[in-house]
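Asks: can't give you the sequence, but here's the structure:
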């Protein structure tokens, strides 16, 4: 996943991504098997159950990188209010975490389905009590394919679901 694709994800989705990556990085650093739970299958393609770490992947550089990345992501996990989609430090940490987990576990992590023609995002939420935006974009180019699907158990008070927010023009 590249930083441009990460920037298309909205805050709540990024919060779930950060939580997922922190959990998996913690397991990798403790050399535990990765367990992909039912709720996490949206992030990992083709895996269920425990996945053993590749011991050969634990180089000094890889461990240092994993620890550094985990430290950065922990700040965002503990303070989700600072999560912003265009945060370059967050994007770099997410890319690093995905690369590290691919090396350690062989996990093919997807945070949003992207292609050269656009973005596909699915959000399944519980109770929504504040505005939730699926994708924010400064502009949409002609021919772009956007597929945003959102569902919530309940929308309360000042809560709302906004699938796509475009700041500039279309086409």
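Replies: Looks like it came in fine. Quantities reported herein were computed from a predicted structural model and do not represent experimental measurements. Residues are numbered from 1 along each chain as shown.
Asks: how about low-confidence regions in the chain?
Replies: 1-12, 38-39, 41-49, 108, 110-118, 142-144, 171 (pLDDT under 70).
Asks: the same query, at a cut-off of 80, please.
Replies: Residue ranges of the chain with pLDDT under 80: 1-14, 35-51, 85-86, 106-128, 133-149, 167-171.
Asks: geometric centre of it: which residue is closest?
Replies: Centroid-nearest residue in the chain, with Cα atoms, centre = their mean: residue 17, separated by 3.2 Å.
Asks: okay but it is in contact with residue 94, surely?
Replies: Yes - using Cβ atoms under 8 Å, residue 17 makes contact with residue 94 at a distance of 6.6 Å. For the C-beta atoms, the positions are set from N, CA and C on the backbone; glycine is no exception.
Asks: the helices in this protein, which residues?
Replies: Here the chain has its helices, by DSSP state H, at 3-6, 11-29, 60-78, 88-105.
Asks: how near is residue 60 to residue 87?
Replies: 28 Å (Cβ to Cβ, to the nearest Å).
Asks: of these two, which one has the most company?
Replies: residue 87 (17 against 7; other Cβ atoms under 10 Å).
Asks: which one of the helices of the chain lies nearest to residue 145?
Replies: helix 3-6 (13.6 Å; Cβ to Cβ).
Asks: identify the residues contacting the closest residue to residue 19 other than its chain neighbours.
Replies: Ranked by Cβ to Cβ, 6 or more residues apart in numbering and with sequence neighbours excluded, the top spatial neighbour of residue 19 is residue 77, at 5.9 Å. By Cβ atoms under 8 Å, 6 or more residues apart in numbering, the contact list for residue 77 reads 18, 19, 22.
Asks: over to residue 151?
Replies: Counted by Cβ under 8 Å, 6+ apart, residue 151 has contacts 123, 124, 125.
Asks: so which of the residues you listed wins on neighbours?
Replies: Busiest of the contacts of residue 151 [other Cβ under 10 Å] is residue 123, holding 22 neighbours.
Asks: in space, what's closest to that one - neighbours in sequence excluded?
Replies: residue 150 is the one closest to residue 123 (Cβ to Cβ, 6+ apart), at 4.7 Å.
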